[in-house]
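Novice: Structural data only, the sequence is not supplied:
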């Protein structure tokens, strides 16, 4: 019995190291199924969710004109589509009411650094300062630093950034496997096409606040996802 217990503990350690289904979540997007990990078993960075669930997470890099952001929230409410907003701390400080508006809309807030600097180019102290300062803003405005961190000006978190994110209280960085390219302002039709061309079960989609074309694209994007049988959910729901 003692040997069996030790073997089970060893297997658990391998799972936490990412040697099980969690490793699939950080790999390049693939249509193959993967089991849903528990919150404590997520790897240090997640690129997509389980491929055996007909769900997608629409995630927004968070900063933009207040009126346009409120319009975005109105459109999302009309579409009944909960999203995850990775917020820039300095933006929230300037528009603190939007933090509560986002949460009251059924969405979730996460951390996208304080000043949206090129975080990969900073030293460890600078990286930690960017992440922890945004976390402090989130806690002050909402009572929580949020569950997710996404690096600024980088599609993936380096190992060094992941380390500082964990130090600041974010065990898992939130990446994505579908880029809408909406920040290039290609027009609503192109934004919808960019997402639909790459989306699968479990996809995490990158979008941006502050772009009129994104707001215009949202109703058709959400409708098109649902026509494919895909339900928009928050990142936490997708990865739970």
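Specialist: That came in fine, so what should we check first? Predicted, not measured: the structure shown is a model, and the values here were computed from it.
Novice: gap between the residue nearest to the spatial centre of the chain and residue 193?
Specialist: Among the residues of the chain, the one closest to the centroid is residue 174, at 4.5 Å (Cα atoms, centre = their mean). Between residue 174 and residue 193 the computed distance is 24 Å (Cβ to Cβ, to the nearest Å). Bear in mind the C-beta positions are built from the backbone N, C-alpha and C, glycine included.
Novice: cool, residue 106 as well?
Specialist: Residue 106 sits 27 Å away from residue 193, going by Cβ to Cβ.
Novice: cool, and residue 47?
Specialist: If you go by Cβ to Cβ, the gap between residue 47 and residue 193 works out to 21 Å.
Novice: Residue 164 too?
Specialist: Per Cβ to Cβ, residue 164 is found 36 Å from residue 193.
Novice: how about the strands of the chain, start to end?
Specialist: Remark: strands assigned in the chain by DSSP state E are 45-46, 55-62, 84-87, 108-111, 173-174, 178-179, 204-208, 231-233.
Novice: Could you list which residues are in contact with residue 124?
Specialist: Residues in contact with residue 124 (Cβ atoms under 8 Å, 6 or more residues apart in numbering) are 160, 163-164.
Novice: do residue 155 as well
Specialist: By Cβ under 8 Å, 6+ apart, the contact set of residue 155 is 175-176, 179, 206.
Novice: Over to residue 222?
Specialist: Going by Cβ under 8 Å, 6+ apart, residue 222 touches 58, 79, 81, 232.
Novice: Which two of those have the greatest separation?
Specialist: 58 and 79 (10.0 Å; Cβ to Cβ).
Novice: Now the common contact residues for the two.
Specialist: Overlap of the contact sets of residue 58 and residue 79 (by Cβ under 8 Å, 6+ apart) consists of 222, 232.
Novice: So if I had to pick from the two, which one is more boxed in?
Specialist: Each of residue 58 and residue 79 has its neighbours counted (other Cβ atoms under 10 Å); residue 58 has more, 29 against 19.
Novice: Quick check, the more buried one in contact with residue 230.
Specialist: No. Residue 58 lies out of contact with residue 230 (Cβ atoms under 8 Å); the separation is 10.4 Å.
Novice: Number of residues surrounding the closest residue to residue 162 other than its chain neighbours?
Specialist: Leaving aside its sequence neighbours, residue 162 sits nearest to residue 44 (Cβ to Cβ, 6 or more residues apart in numbering; 4.6 Å). Residue 44: 18 surrounding residues under other Cβ under 10 Å.
Novice: Please, where are all the helices along the chain?
Specialist: Here the chain has its helices, by DSSP state H, at 2-16, 21-26, 66-79, 89-94, 97-104, 124-142, 159-167, 188-198, 212-227, 235-239.
Novice: Could you list the residues in contact with the third one?
Specialist: In this case it means helix 66-79. 60, 64, 82-83, 95, 98, 101-102, 105-107, 209-212, 214-215, 218-219, 222-223, 232.
Novice: Give me the buried subset of the residues you listed.
Specialist: Taking 16 or more other Cβ atoms under 10 Å as the criterion, what is buried in the contacts of helix 66-79 is 60, 64, 82-83, 95, 98, 102, 105, 107, 209-211, 214-215, 218-219, 222, 232.
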